[in-house]
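>>> Sharing a model prediction with you, sequence too.
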Amino acid sequence: MSRSVVVVVFSGGPVGRVNRFIESAAAEGVAVTVLTAEGGQAWTRAEALHPAARSVSIGPGENRRPFVRLSLALERGPGALLRRAGARLPGAPGKALGKAASAHAKAARLCRRRLFWPVYRVFRGRALRRLALRRVGDLGLDRAERVVIVDDAAVPFGWTLARRRPDLEVTRRLPA
């Protein structure tokens, strides 16, 4: 039986550390599976995962959550309408709608930073836990010797996994 490790990372920040771990594990002959939220809300501007790892993503599912969909609709919908109308109307009305679209974009960024993230950060881990539990079969936990929980949003999933699989080592320590 070959050695295997599952790494769980739901935000893009620690991807560099995860890639260094994947590189060293691949050199030792350890298979690495990474459960990510790539394409989700906290994965912007993250570097790509190392190609030696097998990746399973729940990011698209996160974007379908009702609270996230509502937030995105309020951010993008009115701004798109204002931009399109401003581009079609000539003269002063078009210019006014263009300025309104710019003001909406600024307000949307402010709302996302000051309202959406403080609220969503509180329950993001629990929402992602439900999505991740649906993908447990894809992780190959039967042959895994360890599950490494890298970021705080993945902790509720780690707790649930540790309760359901007491034979499996679930840790927050990413070996160097």
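The structure has been received and is ready for your questions. Treat the numbers as computed from the prediction; the structure is a model and nothing was measured.
>>> Check the gap between residue 71 and residue 126 for me.
Residue 71 is 17 Å from residue 126, where distance means C-beta to C-beta, to the nearest Å. Where C-beta positions appear, they are placed from N, C-alpha and C, glycine not excepted.
>>> Between these two, point out the one with more neighbours.
Remark: of residue 71 and residue 126, residue 71 carries more neighbours, 20 against 13, as counted by other C-beta atoms under 10 Å.
>>> Identify the residue nearest that one in space, chain neighbours excluded?
Among residues not flanking residue 71 along the chain, residue 116 sits closest, at 5.0 Å (C-beta to C-beta, 6 or more residues apart in numbering).
>>> For the one you found, give me the pLDDT.
For residue 116, the pLDDT comes out at 89.
>>> surely it meets residue 72?
No: using C-beta atoms under 8 Å, residue 116 is not in contact with residue 72; the gap is 9.4 Å.
>>> ok, these two, which is more surrounded?
Comparing residue 116 with residue 72 by other C-beta under 10 Å, the one with more neighbours is residue 116, at 19 against 15.
>>> Helix, strand or coil: sort out that one for me.
Three-state call for residue 116 (DSSP: H, G, I helix; E, B strand; the rest coil): helix.
>>> roughly how far apart are the residue nearest to residue 71 and residue 77?
With C-beta to C-beta as the criterion, residue 116 and residue 77 are 15 Å apart.
>>> where does this protein dip in pLDDT?
In the predicted model of the chain, residues 1-2, 45-46, 176 satisfy pLDDT under 70.
>>> Got the domain ranges for it?
Residue ranges for the domains of the chain, per automatic domain parsing: 4-64+124-171, 67-120.
>>> which one of the ones you listed is the most hemmed in?
domain 4-64+124-171 (a mean of 18; mean count of other C-beta atoms under 10 Å).
>>> which residue sits closest to residue 120, ignoring its sequence neighbours?
Residue 120 sits nearest to residue 67 (C-beta to C-beta, 6+ apart), 6.5 Å away.
>>> can you confirm that neighbour is in a helix?
Yes: when three-state DSSP is applied, residue 67 is found to be in a helix.
>>> I figured it was touching residue 122, is that so?
No: applying C-beta under 8 Å, one finds residue 67 not in contact with residue 122, separated by 11.1 Å.
>>> all helices of the chain, in order?
Counting by DSSP state H, the chain has these helices, from start to end: 15-27, 59-63, 66-88, 91-111, 117-134, 155-164.
>>> Quick one: those helices as TSV, columns for distance to residue 173 too.
Converted to TSV, those look like this (distance: least, C-beta to C-beta, whole Å):
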stretch	distance to residue 173
helix 15-27	11
helix 59-63	25
helix 66-88	30
helix 91-111	36
helix 117-134	19
helix 155-164	12
